[in-house]
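In: sequence isn't available, so here's the structure alone:
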């Protein structure tokens, strides 16, 4: 009797009338099948075109193949989900309207439609790919999303747009073209992991999204990799920004983040940009081959930087200020490729402190025309004097326990091949129309 109880409970939890319904392609066939279905039914769509738009207003599963095409014919959102526990899997969704102000999308999950599952679909030719617009605990997994390319970048839609949708999981999606890969706005407790994003404005764009996770994502050849803005308590872990144009990672009014295991490499003007961001733990990352390794500005305070590697950046640190900033923690600092260090006791910590910026750096950042004097004997004399007499320094970054060896963060061979295919892109002037420093456009 005790063994039968779980089985009976499971059967009672499922609608006894649930069944499988084969739906032929054509105009109106899918809408009619939805209207005639019962909660829990599986609608099996064969190869061919199903003309929309359609609304799923009851718990159903839509199941098809890549040759199953749901076509919105350019009218609004192609598939709108208004009920709980809806699954859409294995189909191609195309042909949304083009009204960005209406958030026309391939698939939209509205407020009150919880626990939707959007898995293994292909979305192409839509304004926005998937819009999770208020539904809780949605799962968006393993989809291929190709955005539009027929408008200026800022006028396109996002691959996946999340608004006020707590508990959303966005995992393993391949997103290309359009505006932003994942745009999360006014949400919380989301998990965005293991997505591949290429040829976009931002790979991940966060606004007012708290208590969430961005992990294992790969950004290749975008204008900006990971923009975390006005968001608190975000875990940013094990992401890769490869040959993105402006910033690999930006923390803008982002507080109490845990930033670890991230690799930013090549192409970027700034590997890491910290703007008025406070109480962040930044550790175990690698910032390599950028114009500026880290740009630290606007009164950011109480940040901890330890165990990071700054490798081959043209300028390791841009910091203009009079305060002394200590970038080591509990006897462990960061690796600096331009630090001629010694380690006589073999403990992995350099024997001398490192100052990645000095008085001349302050002058050069505030007065760019002074760069013409960089190689002048007087400038070299000033720098030698400061290195010999540190008391003359006006403030700046100090690493009291610099590391002797860098953090190594590998890139899989297939991802490295994609990265190689974007090299030289920004030197050719193919920068589209985006200005990522214009925060008002975000």
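Out: Now that the structure is in, tell me what you want to look at. Because the structure is predicted, anything quoted here is derived from the model rather than measured.

In: any idea how far residue 162 lies from residue 27?
Out: 32 Å (CB to CB, to the nearest Å). For the C-beta atoms, the positions are set from N, CA and C on the backbone; glycine is no exception.

In: which of the two has more neighbours?
Out: Legend: neighbour count by other CB atoms under 10 Å for residue 162 and residue 27, higher for residue 162 (29 against 13).

In: so which elements touch the particular helix or strand that has the more buried one in it?
Out: Assigning secondary structure by DSSP states H and E places residue 162 in strand 160-163. Strand 160-163 makes packing contacts with strand 128-133, strand 182-188 when contacts are defined by 3 or more CB pairs under 8 Å, 6 or more residues apart in numbering; DSSP states H and E.

In: could those go into CSV alongside distance to residue 169, mean neighbour count and mean pLDDT?
Out: Putting the helices and strands packed on strand 160-163 into CSV (distance: least, CB to CB, whole Å; neighbours: other CB atoms under 10 Å; pLDDT from 0 to 100) gives the following:
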stretch, distance to residue 169, mean neighbour count, mean pLDDT
strand 128-133, 10, 29, 98
strand 182-188, 12, 22, 98
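
In: export those strands to a markdown table and append columns for distance to residue 224.
Out: Below are these laid out as a markdown table (distance: least, CB to CB, whole Å):
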| stretch | distance to residue 224 |
| --- | --- |
| strand 128-133 | 19 |
| strand 182-188 | 12 |
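
In: quick one, helices of the stretch 301-442 of the chain?
Out: Assigned helices in the stretch 301-442 of the chain, in chain order: 359-366, 377-388, 413-420 (criterion: DSSP state H, counting those that start in this stretch).

In: which residues touch the strand holding residue 162?
Out: 103, 105, 128-134, 140, 145, 168, 170, 173, 175, 181-187, 190, 209 (CB atoms under 8 Å, 6 or more residues apart in numbering).

In: and for stretch 316-328?
Out: Stretch 316-328 is contacted by residues 270, 292-297, 305-306, 310, 333-334, 336-338, 356-357, 361-362, 365-366, 394-402 when judged by CB under 8 Å, 6+ apart.

In: what about it, start to end distance?
Out: 16 Å (CA to CA, to the nearest Å).

In: what's the strand ranked longest in the chain in contact with?
Out: Using DSSP state E to define each element, the chain has its longest strand at strand 202-210. Applying CB under 8 Å, 6+ apart, the contact partners of strand 202-210 are 158, 162, 179-190, 192, 197, 212, 214, 217, 219, 222-234, 241, 244, 254, 436, 442.

In: among these, name the buried ones.
Out: Burial by neighbour count, 16 or more other CB atoms under 10 Å: within these this picks out 158, 162, 179-185, 187-188, 190, 192, 197, 212, 214, 217, 219, 222-232, 234, 241, 244, 254, 436, 442.

In: quick one on the thing from earlier: filter the contacts of stretch 316-328 down to the buried ones, ChimeraX style.
Out: Restricted to buried positions by 16+ other CB under 10 Å, the ChimeraX selection for the contacts of stretch 316-328 reads:
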select :270,292,293,294,295,296,305,306,310,333,334,336,356,357,361,362,365,396,397,398,399,400,401,402
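
In: who does the one helix or strand residue 259 maps to pair up with?
Out: Taking DSSP H and E as the criterion, residue 259 maps to strand 258-260. According to DSSP bridges, strand 258-260 has the following sheet partners: strand 234-237 (parallel), strand 281-283 (parallel).
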